[in-house]
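Trainee: Here is the input, now give the coordinates:
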Amino acid sequence: MAMPDLSVDLTGTLLMAMPGMGDPRFAGSVVYLCVHSPSQAMGLIINKPMDEITFAEMMEQLEIAHKDPVPDVPVCYGGPVELRRGFVLHSADYRPRGEEGLRVDHRFAMTGTLDILEDIAAGQGPKNALLALGYAGWGAGQLEEEIQRNDWLTAPATPELVFGLAMERKWDAALESLGIHPLMLSSDAGHA
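Mentor: Numbering: from 1, shown residues only. Below you'll find the model as predicted:
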């Protein structure tokens with residue numbers, strides 16, 4: 001088997017889990033890829049809501065003062081790594097205090113500090129944001145192997161796909177952005 005091409009930088013793209021995905025933690029997932037390099041990849045699942053907690057409840061638990069009403073920021077299951085850690089994927093109009101954020105491109109950034117939660121709660125945060133608890137991570141070559149195995153499809157990320165759609169609509173919409181109708185996919189694709 002040929003080694004996947006590690007020179008393609010997928011930072012800032014979407015990964016859509018294929019129906020045959022072997023890992024149930026990622027079934028039906030859309031992942032925004034924040035970092036991709038030959039040594040690692042890191043992303044946030046953007047379409048799996050955390051029903052256990054709302055943004056308002058999180059502000060109460062963290063004792064963060066907020067304006068009323070509390071901004072309606074979606075809270076997602078971001079992935080299986082470090083579930084106690086939160087990351088805010090947001091529009092690039094917001095500049096984190098100091099050098100704490102990661103600017104992915106001219107449209108997207110990610111910040112993992114309490115400062116951004118305080119700013120959002122005070123009505124001074126980014127125009128668009130979602131909070132992810134945990135993240136998805138891959139070691140050197142691991143994501144490329146999964147893509148080659150047809151576990152994932154990739155698609156360009158747009159603010160509309162990431163922030164503008166209901167979570168349950170994102171997987172279908174990401175596939176449709178590639179001209180693929182979700183019903184055309186089968187977990188048995190490629191087998192005679």
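Trainee: When you work out contacts or count neighbours from here on, use the C-alpha atoms and nothing else.
Mentor: Noted.
Trainee: can you give me the strands in this structure?
Mentor: According to DSSP state E, the chain carries its strands in the segments 13-17, 30-37, 40-45, 75-77, 81-91, 101-103, 108-111, 129-139, 152-156.
Trainee: Before we move on, what's the pLDDT of M3?
Mentor: The predicted local distance difference test score for M3 is 42.
Trainee: I'd like to know how many residues surround M110.
Mentor: 24 (other Cα atoms under 10 Å).
Trainee: And it, how close does it get to L133?
Mentor: The span separating M110 from L133 equals 13 Å under the rule Cα to Cα, to the nearest Å.
Trainee: buried set for stretch 79-89?
Mentor: For stretch 79-89, a neighbour-count test (16 or more other Cα atoms under 10 Å) marks G79, G86, F87, V88, L89 as buried.
Trainee: Let me know the closest of those to G125.
Mentor: Compare each of the buried residues of stretch 79-89 with G125 using Cα to Cα and the shortest gap goes to V88, at 10.6 Å.
Trainee: Hmm, the closest one is touching F108, no?
Mentor: No - here V88 lies out of contact with F108, judged by Cα atoms under 8 Å, at a distance of 10.5 Å.
Trainee: For the protein, which residue occupies the most central location?
Mentor: L44 (2.9 Å; Cα atoms, centre = their mean).
Trainee: how about the nearest residue to that one, chain neighbours excluded?
Mentor: Beyond its immediate neighbours in the sequence, the residue positioned closest to L44 (Cα to Cα, 6 or more residues apart in numbering) is G78, lying 4.6 Å away.
Trainee: by contact count, what packs against the helix ranked longest in the chain?
Mentor: When secondary structure is assigned using DSSP state H, the longest helix within the chain turns out to be helix 167-176. Using 3 or more Cα pairs under 8 Å, 6 or more residues apart in numbering; DSSP states H and E as the contact definition, the elements that helix 167-176 packs against are strand 13-17, strand 30-37.
Trainee: outside of the lowest-mean-pLDDT helix or strand in the chain, which residues touch it?
Mentor: Of the helices and strands making up the chain, the lowest-confidence element is strand 101-103, at a mean of 78, by mean pLDDT, DSSP states H and E. Counting by Cα atoms under 8 Å, 6 or more residues apart in numbering, strand 101-103 makes contact with A92, R95, A109, M110, T111, G112, all of which sit outside it.
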